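1. Kindly return the folded structure for what I paste below:
(one chain, ligands or ions: 3)
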Amino acid sequence: MAHRVGVIGGDGIGPEVVAEGLKVVASAGVALDTTHYDLGGSRYLRDGTVLDDATVEEWRGLDALYMGAVGTPEVPPGVIERGLLLKMRFELDLYINLRPFTAPAHDFVVIRENTEGTYAGEGGFLRRGTPFEIATQGSVNTRHGVERAVRYAFDLAMTRRKHVTLVHKTNVLTFAGDLWERAFNDVAARYPEVSTAYNHVDAACIYFVEDPARYDVIVTDNLFGDILTDLGGAVSGGIGLAPTANLHPGQVSMFEPVHGSAPDIVGTGRANPVAAVLSGAMMLDHLGETGAAERIRKACDRPESLAGTTGEIGDAIVARLADQQV
Ligand code: NAD
Ligand code: IPM
Ligand code: MN
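-> Numbering: from 1, shown residues only. Ligands and ions are numbered 1, 2, ... in the order given. Below you'll find the predicted structure:
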């Protein structure tokens, strides 16, 4: 039976890269029963819809969601990002944001907590628009939320090189950092085979650039994970190669590139579809189609030799898949 997948092309280069991803999945021999959802900035500007609750309910019954990118300069910041993408992550409780980074000399994964932190939306204004205005934006860290992300990181490390690094800023964020550190140490005690390390997030930025090979699995909070994973992309061949899985193990999960809608290159053919294609491969892993996922990853090897326009790169991946089958 075909897997039931909801597709959100979204804004900017989103639809361009998603088209290539779907093309590659099909040519890897996996049949998807897709439903396309017209959501994002252009839909919002047309009729005010961001994401209604009925659509979220419908998604709960699907096998997976596949997304391009959302957000556009014509809509005020946050309307689409919070109202669509974060609503999706929060309502479906996609608590793991998994972002793998590979390059000839390194291979590591960032596990970003995906439902809490500064993203939770705590805060507000007082006296907005006056000279005495105040804006606060708190960070929400629950023991439950932190611990399930940390546990996922250790379970993943057991299938890899058995090393987990906590990245935080415990020297300054002494409340959140303390909770994270205690949760991390408690979980670590249950995994005696896994070795651990700790980096402050500022130092982690140095190591990402100078010595990324030290990492196997990194676990970190929502905002640090957001920033670090753009850097991870940049030091692993470029942001156009970096995929994401937003997971709630055992439930409908969502797959998308790390990058955004790139309004600066929309329509030019310069969007690299590899991140979307590899996100498609992560979706196939989730759907149990591990053979096809592996073939797609293999077809995306040596990404530097996949040059050309968005469509040409997609075609080259399809051609490599066909070669594998000879
Ligand atoms: P961005 O990731 O869209 O672009 C940053 C830079 O990377 C740009 O120079 C862009 O041209 C380049 N780039 C991105 N993807 C690329 C690709 N596949 N191939 C080649 N180059 C690529 O980040 P931004 O400019 O800060 O954000 C643009 C919009 O996207 C904003 O509205 C933002 O909120 C949104 N956004 C959405 C997502 C998402 O939907 N998951 C993620 C990040 C940003
Ligand atoms: C990402 C994006 C999103 C985030 C934005 C668009 C809400 O940057 O997926 O990394 O900050 O999580
Ligand atoms: Mn980001």
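
2. State the pLDDT value of L179.
-> We have a pLDDT of 98 for L179.

3. ugh, wrong one, I meant V326
-> In this model, V326 is scored at 63, pLDDT.

4. Where does S42 sit: helix, strand or coil?
-> The three-state assignment at S42 reads helix, by DSSP: H, G, I helix; E, B strand; the rest coil.

5. How about F125?
-> Put simply, F125 is strand when judged by three-state DSSP.

6. How about the contacts made by it?
-> E133, I134, A135 (Cβ atoms under 8 Å, 6 or more residues apart in numbering). (Glycine included, C-beta is placed from N, CA and C.)

7. Quick check: phi and psi at the residue in the stretch 151-300 of the chain positioned nearest to ligand 2.
-> Closest approach between the stretch 151-300 of the chain and ligand 2, counting by Cβ to the nearest ligand atom: D226, at 4.3 Å. In terms of degrees, to the nearest 10, the main-chain angles of D226 are phi -60, psi -50.

8. Quickly note the distance from it to V219.
-> 14 Å (Cβ to Cβ, to the nearest Å).

9. Give me the more crowded residue out of the two.
-> V219 (30 against 19; other Cβ atoms under 10 Å).

10. What ranges does the protein have for its helices?
-> 14-27, 41-47, 53-60, 79-80, 87-91, 143-158, 174-189, 201-210, 222-234, 274-286, 290-299, 310-324 (DSSP state H).

11. any idea how far I296 lies from ligand 1?
-> 17 Å (Cβ to the nearest ligand atom, to the nearest Å).

12. cool, and T130?
-> 28 Å.

13. burial of that residue, as a residue count?
-> For T130, the neighbour count with other Cβ under 10 Å is 8.

14. Just the local confidence number for it, please.
-> With respect to pLDDT, T130 scores 98.

15. Next, it: phi, psi?
-> Torsion angles, degrees, to the nearest 10, at T130: phi -100, psi 170.

16. How about the closest residue to ligand 2 within the chain, nearest residue that isn't a chain neighbour?
-> Going by Cβ to the nearest ligand atom, ligand 2 is nearest to E81 of the chain, at 3.8 Å. Nearest residue to E81, sequence neighbours excluded (Cβ to Cβ, 6 or more residues apart in numbering): G71, at 5.2 Å.

17. tell me which parts of the stretch 101-250 of the chain are close to ligand 1?
-> Counting by Cβ under 6 Å from any ligand atom, the positions of the stretch 101-250 of the chain adjacent to ligand 1 are I239, G240.

18. about what we covered before: close enough to count as contact, the residue nearest to E81 and G260?
-> Yes. Using Cβ atoms under 8 Å, G71 is in contact with G260, at 5.9 Å.

19. residues shared between the contacts of the two?
-> G12.

20. Next up, the contacts around E122.
-> Taking Cβ under 8 Å, 6+ apart as the contact definition, E122 lies against T136, Q137, G138, S139, V140.

21. Single out the residue in the stretch 1-150 of the chain that lies closest to ligand 1.
-> In the stretch 1-150 of the chain, the residue that lies nearest ligand 1 is G71 (2.4 Å; Cβ to the nearest ligand atom).

22. Is there a neighbour count for that residue? I'd like the number.
-> 21.

23. Repeat that for the one 3 residues further on.
-> As a burial measure, the neighbour count of E74 was computed by other Cβ under 10 Å and equals 10.
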